[in-house]
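Enquirer: Here is a sequence with its predicted model. Questions after.
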Amino acid sequence: MNNFLLLPIIIPFFFGMMLMFGQKNLKYQRSFALLGILLAFVSAVALLVKVKNDGIQKVTFGNWPVPYGITMVSDMMSALLVTTSLLIAFFVVWYGFGSITKERERFFYYPGMMFILTGVNGAFTTGDIFNLFVFFEVLLMASYLLIVLGGEKGQLKGSIKYILINVISSALFVITVAYLYSVVGTLNMADIAVKISDIHQPGIITVIAVLFLMVFGLKAAIFPLYFWLPTSYAAAPIPVLTLFGALLTKVGVYAITRTYTLFFVHDLSYTHDLLMVLAIGTIIAGCIGALAYFDVKLIIIYNIVIAVGVILFGVSQMNEMALKGAMFYLIHDMLIKAALFMLIGIVIYITGTSDLRKMGGLMKTYPALGWFYLIAAFGLAGIPPLSGFVGKLLIVQGGFEAGSMWSSIFILASSLLVLLSVIRIFLYAFWGEEKETKGTVDKKVYTTLFVPTVLLVLITVAYGVGSEWMTPFMNDAAKLLNDPSIYIDAVMKGD
């Protein structure tokens with residue numbers, strides 16, 4: 001029993017409650033928000049090391065025997081995701097000092113950030129399917145606050161769609177969990193896997209698997225359920241958009257990955273082939289959107305959709321190589337999307353617009369910004385040796401191993417469309433004739449935006465160049481996903 005694994009969840013929750021007070025004192029709000037995230041990040045790194053050295057960690061509330069109590073489980077996959085989420089949140093909050101307005105900061109902005117982290121980290125760590133729903137609701141309630149923060153017309157319009165979709169998906173989630181419970185009689189994920197294995201996944205379990213794919217697919221924005229994402233996310237302020245784009249859809253991806261590698265593994269010819277088809281459709285839809293728009297926010301948002309498809313394609317192949325690639329690519333995408341949203345936030349701050357056709361010539365006055373954007377763009381497209389290369393290469397190799405040759409070739413080809421979509425931003429915004437910017441650029445604000453952004457871009461570069469150092473962690477995560485018995489034994493039989 002190890003209560004230590006709860007710290008990355010409890011610390012943001014505790015600081016979120018503390019930050020509910022003193023809303024007018026920005027120094028207090030900012031310093032305690034950063035301190036809370038930093039402490040949670042340190043605890044997450046320590047937990048990651050412990051999981052690496054000692055194996056899967058778990059705690060069951062009330063010291064009840066599994067599966068009767070609510071169990072929290074930290075394996076390599078969840079530990080990596082929790083650590084990455086807190087790292088990104090630190091840079092997003094720091095970046096927000098120069099981006100979010102003081103009026104928004106004083107209206108529960110920082111508590112909202114903390115409670116989102118509580119929900120995200122809880123969802124990554126829980127070993128109980130109903131508790132997963134509870135943590136989804138925690139992060140969603142905080143996201144409802146952040147998406148409407150400021151009360152602008154575009155925000156309210158986008159938030160209505162966002163809230164309605166999530167209310168519907170949450171209701172469907174509860175119904176699906178009830179169906180599953182009626183068949184297997186348990187909510188513990190490891191025990192669910194055992195029970196489904198015992199009954200050899202009859203047709204009703206396959207139906208439930210498809211229902212879960214719909215529920216989590218809505219949250220992850222897979223095809224054809226991604227329609228709500230672009231307008232909802234684009235309406236949010238840049239720091240909020242960055243946090244949403246980097247983390248929230250990945251919780252849905254995580255939920256699909258966890259359920260489709262742990263207990264829906266007995267009818268692969270249906271469930272995982274369906275997942276592969278939807279993943280390819282997601283990539284196609286994302287590519288069309290990324291190339292169709294001239295709004296920098298929408299271009300990067302549609303690239304979220306593309307990445308979701310790539311990751312889930314790796315999951316659908318159900319072999320260790322593809323799953324390792326999916327993990328590499330998942331962490332890469334969280335980091336690189338945060339960096340790109342922060343970069344385009346600076347571009348929007350300088351130009352006063354998100355329309356590419358009204359930009360130009362920024363390379364002459366902001367060369368460092370241009371080159372760092374280009375590095376991030378190459379990283380997103382998977383140009384070696386940057387961070388997107390290793391994950392996509394492993395996913396494609398796993399696809400070839402699984403016999404999905406043409407689908408794997410398509411995954412490779414999609415990299416060219418991703419590169420084209422982000423290079424358009426570079427060509428329009430940084431090249432060409434210099435156009436007038438709206439208003440003067442405050443150097444202090446620019447520095448506050450630029451420094452955390454550059455540091456995050458450098459982290460993405462280190463993640464790609466130093467991928468060999470990350471390989472032992474990714475190997476552990478891939479073995480766990482490929483062999484459900486590792487997770488089951490650790491939870492059901494472990495102390």
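Expert: Happy to help now that I have it. It should be emphasised that the depicted structure is a prediction, and the values quoted were computed from it without experimental measurement.
Enquirer: and the end-to-end length of stretch 237-255?
Expert: End-to-end distance of stretch 237-255 (CA to CA, to the nearest Å): 27 Å.
Enquirer: distance between that stretch and the chain's centre?
Expert: Taking the mean C-alpha point of stretch 237-255 and that of its whole chain, the gap between them comes to 5 Å (CA atoms, centre = their mean, to the nearest Å).
Enquirer: cool, and stretch 281-298?
Expert: With CA atoms, centre = their mean as the basis, stretch 281-298 stands 18 Å off its chain's centre.
Enquirer: Now do that stretch: everything it contacts.
Expert: Outside of stretch 281-298, the residues that reach it under the criterion CB atoms under 8 Å, 6 or more residues apart in numbering are 221-224, 226, 230, 233-234, 241, 299, 301-310, 312-313, 344, 347-348, 354-357, 410-411, 414, 417-418, 420-421, 424-425, 428-429. The C-beta positions use only the backbone N, C-alpha and C, and glycine is treated the same way.
Enquirer: Now do the least confident helix or strand in the chain by mean pLDDT: everything it contacts.
Expert: Comparing helices and strands within the chain by mean pLDDT, DSSP states H and E singles out helix 102-104 as the least confident, with a mean of 81. By CB under 8 Å, 6+ apart, the residues outside helix 102-104 that reach it are 26, 149-150, 237.
Enquirer: Including pLDDT, distance to L80 and secondary structure, could the residues you listed go into JSON lines?
Expert: As requested, the contacts of helix 102-104 are exported to JSON lines (pLDDT from 0 to 100; distance: CB to CB, whole Å; DSSP: H, G, I helix; E, B strand; the rest coil):
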{"residue": "L26", "pLDDT": "88", "distance to L80": "33", "secondary structure": "helix"}
{"residue": "L149", "pLDDT": "81", "distance to L80": "30", "secondary structure": "coil"}
{"residue": "G150", "pLDDT": "75", "distance to L80": "33", "secondary structure": "coil"}
{"residue": "P237", "pLDDT": "89", "distance to L80": "28", "secondary structure": "coil"}
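Enquirer: Of those, keep whichever come out buried.
Expert: 149-150, 237 (16 or more other CB atoms under 10 Å).
Enquirer: Break down the stretch 1-150 of the chain into its helices, ranges please.
Expert: In the stretch 1-150 of the chain, the segments counted as helices under DSSP state H, counting those that start in this stretch are 7-18, 26-54, 76-99, 102-104, 110-125, 129-147.
Enquirer: and the fifth one with helix 129-147, angle?
Expert: Okay, so that is helix 110-125. For helix 110-125 and helix 129-147, the angle between their directions (axes from the mean of the first three to the mean of the last three CA atoms, to 10 degrees) works out to 150 degrees.
Enquirer: which residues touch the closest residue in space to F264 that isn't next to it in sequence?
Expert: Residue nearest to F264 in three dimensions, not counting chain neighbours: A209, with 4.1 Å by CB to CB, 6 or more residues apart in numbering. The neighbourhood of A209, defined by CB under 8 Å, 6+ apart, consists of 259-260, 264, 267, 271.
Enquirer: pLDDT (mean, whole number) over the helix or strand encompassing A209?
Expert: A209 belongs to helix 203-220 when assigned by DSSP states H and E. This predicted structure assigns helix 203-220 an average pLDDT of 91.
Enquirer: and what of stretch 449-464?
Expert: When pLDDT is averaged over stretch 449-464, the result is 94.
Enquirer: contacting residues around it?
Expert: Contacts of stretch 449-464 from elsewhere in the structure, counted by CB under 8 Å, 6+ apart, are 87-88, 91, 94-95, 98-99, 331-332, 335-336, 338-339, 342-343, 345-346, 349, 368-369, 372, 375-376, 379, 384-390, 470.
Enquirer: Pull out the buried positions in stretch 289-309.
Expert: Buried residues in stretch 289-309, counting neighbours by 16+ other CB under 10 Å, are found at 289-290, 293, 295-309.
Enquirer: you'd agree Y95 is up against P237?
Expert: No - counting by CB atoms under 8 Å, Y95 sits too far from P237 to count as a contact (11.0 Å).
Enquirer: Not counting sequence-adjacent ones, nearest residue to K435?
Expert: That would be G360: by CB to CB, 6+ apart, it lies 4.4 Å from K435.
Enquirer: Oh, that last question was meant for V296, not what I typed.
Expert: Computed as CB to CB, 6+ apart, the closest residue to V296 that is not its neighbour in sequence is I344, at 4.5 Å.
Enquirer: Looks to me like that neighbour is in a helix.
Expert: Yes - counting by DSSP: H, G, I helix; E, B strand; the rest coil, I344 is part of a helix.
Enquirer: Return the set of buried residues in stretch 264-282.
Expert: Of all the residues in stretch 264-282, those buried under the rule 16+ other CB under 10 Å are 264-268, 271-272, 274-276, 278-280, 282.
Enquirer: of the residues you listed, closest to N2?
Expert: N2 lies nearest to V265 out of the buried residues of stretch 264-282, by CB to CB, at 27.2 Å.
Enquirer: can you list the contacts of A209 in JSON lines and add distance to P8?
Expert: Supplementary listing: the contacts of A209 in JSON lines, determined by distance: CB to CB, whole Å:
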{"residue": "T259", "distance to P8": "22"}
{"residue": "Y260", "distance to P8": "25"}
{"residue": "F264", "distance to P8": "27"}
{"residue": "D267", "distance to P8": "35"}
{"residue": "T271", "distance to P8": "31"}
